[in-house]
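Enquirer: have a look; sequence and predicted model below, questions after that.
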Amino acid sequence: MKSPIARGPLEILRRLVWLPAALLLTWPAFYNRYPLLFPDSLSYLESGPRVARALFFHQPSQYYGVRSFIYALGIAPFHYWSAVLWPVIALQAVLTAYVIWLVVRSFAPHRPAVTYYAAMLPLAMLTGLSWTTSIVMPDILGPLLYLAIYLLVFAPESLSRSQRALLILIVWWSAAAHITHIMLALGLLVFLLASLTIVRAVTRPRLRGLAVSAAILVAAILSHMAVHGVLYGKPTLNGERPAYLTARLLADGTGRLYLQQHCPQVNLAMCEFVQNLPTSPDAFLWDEDGIWQTAPPLTKVAILRQESSFAAAVVRAYPRQQLSVSLKAFRQQLTNFDIDNDSNAWLLQELETALPGQRPLYERSRQAQDALPNELLTEIQNWTIAAALVLLCLLTPWLWPRRSARLAGLAATIFAILLGNAFVTAVLAEVDDRYQDRVIWLLPLLTALAITELTHRRAAN
């Protein structure tokens, strides 16, 4: 019999078999010669240290930013002291590789490593998974949140106590990293509860998983409110957010039409700008001479306070038009998931402020030089998604007669998220390839696990 000392290193290697996949997920950053950046990345990088100083050292700032402070705080220790972004990418890659490992292991407990890398290699090389992991943004944390919910609800027995504890922490940070993650996760829990009730598959472990997930989401909400309460003296969920919904309604055309026809009769702060209403959300929110950037602080407060009533009035006045516009945006978002990491002049200009000394390094990156093969990568991903969907359709008749509860649960989770993500982002924000690209890789993952399930079933027979 082997001694405990001999078994120790092998046991460690077995438990960390997923770790090389984390390195694999960072290949776009190495190919780019620098971690990928988006304009919003700078806001997160700047917010973290400011918020930390205010919370822990009582050094308030006049401005903290408009992005999630929880994500900003989470990545701050990985870049603040060194002003280097590679540790942030490493953190995201490790979390991503680990959660996918737990999901794959729930389907292949006997030979998980072979199945894991058989799925991870095409996911990392043929989809946008690695690109989403390699950008300094909370985008990758959304899919990790939804996969973690699947594990807690449909496969809790596949988790050890330590894995469950770590997964709960990942769920909390992933949910708190972006407000849309909380919205989608809450909707997912409602959908799963309703679906399980309809098919009479509600069990105590699944109810416990739903309850634990809901409790974590509540904790994420309370975390936002607590941080905002300290920073602003008022516990709010969104802090000093811009008027995203107002921007969306104006871009839809229904908001502009309502203001043009009703401003003489209603007392809305937006009526002040009725002669200069933009046609895109970005123009309203971010243009230097746009409404939101030039409006006085009290006017911004009034616009935000009236936003819900303004949206309700628009929907009541033009229900068909709004439904038509929203459904069109939803359809566009559902099928738009191009990989697009172009350079940005504003990002290059502001990078030195957020990361002193890093601009020369970033300028040498392929992204800064617009030398990334975005069109080729998009075409490869499109073919991969199409193949995954076809395979899934072909496999369904074989899997349906003796369908796996876990596979059905994962499929319900992934399809609900693909639809929900497209709806929430398109209707409440705007149609943007990046929004759907961050979740579309879940479809090939589902296909890979469906093949795994079928293979194991045939082997058992």
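Expert: Structure's in. What do you need? Residues are numbered from 1 along each chain as shown.
Enquirer: need the three-state assignment for the nearest residue in space to Ala113 that is not next to it in sequence.
Expert: Using Cβ to Cβ, 6 or more residues apart in numbering and skipping the chain neighbours, the partner closest in space to Ala113 is Val17 (4.8 Å). Any C-beta I mention is one placed from the backbone N, CA and C, and that applies to glycine too. Secondary structure state of Val17, per DSSP: H, G, I helix; E, B strand; the rest coil, is coil.
Enquirer: and this structure, what are its domains?
Expert: 4-240+335-460, 244-317 (automatic domain parsing).
Enquirer: which among those domains is found nearest to Val325?
Expert: Val325 lies closest, by Cβ to Cβ, to one member of those: domain 244-317, at 4.5 Å.
Enquirer: tell me which residues of whichever helix or strand Ala219 is part of come out buried.
Expert: In this assignment (DSSP states H and E), Ala219 forms part of helix 204-232. Buried residues in helix 204-232, counted by 16 or more other Cβ atoms under 10 Å: 206, 209-210, 212-214, 216-217, 220-221, 223-225, 227-228, 231.
Enquirer: same for the helix or strand following it, what does it pack against?
Expert: Of the helices and strands lying after helix 204-232 in sequence (DSSP H and E), the nearest is helix 244-252. The criterion is 3 or more Cβ pairs under 8 Å, 6 or more residues apart in numbering; DSSP states H and E, and the helices and strands that helix 244-252 contacts are helix 254-262, helix 281-285, helix 307-317, helix 319-335, helix 405-428.
Enquirer: at 7 Å instead, please
Expert: helix 254-262, helix 281-285, helix 307-317, helix 405-428 (3 or more Cβ pairs under 7 Å, 6 or more residues apart in numbering; DSSP states H and E).
Enquirer: dump those helices to TSV, plus mean pLDDT, mean neighbour count and distance to Leu24.
Expert: Below are these laid out as TSV (pLDDT from 0 to 100; neighbours: other Cβ atoms under 10 Å; distance: least, Cβ to Cβ, whole Å):
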stretch	mean pLDDT	mean neighbour count	distance to Leu24
helix 254-262	94	19	45
helix 281-285	89	20	34
helix 307-317	95	16	43
helix 405-428	96	20	22
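Enquirer: could I get those helices in JSON lines, plus columns for distance to Tyr98?
Expert: Formatted as JSON lines, these follow (distance: least, Cβ to Cβ, whole Å):
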{"stretch": "helix 254-262", "distance to Tyr98": "43"}
{"stretch": "helix 281-285", "distance to Tyr98": "35"}
{"stretch": "helix 307-317", "distance to Tyr98": "39"}
{"stretch": "helix 405-428", "distance to Tyr98": "17"}
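Enquirer: so which of the ones you listed gets nearest Tyr71?
Expert: When those are compared by Cβ to Cβ, helix 405-428 sits nearest Tyr71, at 17.2 Å.
Enquirer: and which of the buried residues of helix 204-232 is nearest Lys300?
Expert: Within those, the smallest distance to Lys300 is 16.2 Å, found for His228 (Cβ to Cβ).
Enquirer: distance of the residue nearest to Phe423 when sequence neighbours are not counted from Leu407?
Expert: With sequence-adjacent residues excluded and distances taken as Cβ to Cβ, 6+ apart, Phe423 is closest to Phe330, at 5.1 Å. Look at Phe330 and Leu407: by Cβ to Cβ, to the nearest Å, they are 27 Å apart.
Enquirer: ranges for the strands of the stretch 351-461 of the chain?
Expert: Taking DSSP state E, counting those that start in this stretch, the stretch 351-461 of the chain contains no strands at all.
Enquirer: where does pLDDT dip in the protein?
Expert: 1-13, 459-461 (pLDDT under 70).
Enquirer: sorry, back to before: quick check: which of the helices and strands packed on helix 244-252 is nearest to Thr127?
Expert: Among these, the nearest to Thr127 by Cβ to Cβ is helix 405-428 (13.4 Å).
Enquirer: using CSV, write out every CA atom in that closest one.
Expert: Coordinates of each C-alpha in helix 405-428 appear next as CSV, following Å, rounded to 0.1, in the frame of the first residue of the first chain:
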residue,chain,number,x,y,z
ALA,A,405,-32.1,15.5,-14.9
ARG,A,406,-28.8,17.2,-14.7
LEU,A,407,-28.6,17.7,-18.5
ALA,A,408,-32.2,18.9,-18.6
GLY,A,409,-31.4,21.3,-15.8
LEU,A,410,-28.2,22.6,-17.5
ALA,A,411,-30.1,23.0,-20.8
ALA,A,412,-32.9,24.9,-19.1
THR,A,413,-30.4,27.2,-17.4
ILE,A,414,-28.4,27.9,-20.6
PHE,A,415,-31.4,28.5,-22.9
ALA,A,416,-33.1,30.7,-20.3
ILE,A,417,-29.9,32.8,-20.0
LEU,A,418,-29.3,33.0,-23.8
LEU,A,419,-32.9,34.4,-24.2
GLY,A,420,-32.9,36.5,-21.0
ASN,A,421,-29.5,38.0,-21.7
ALA,A,422,-30.6,39.1,-25.2
PHE,A,423,-33.8,40.6,-23.9
VAL,A,424,-32.5,42.5,-20.9
THR,A,425,-29.5,43.9,-22.7
ALA,A,426,-31.3,44.9,-25.9
VAL,A,427,-34.4,46.3,-24.3
LEU,A,428,-32.8,48.1,-21.4
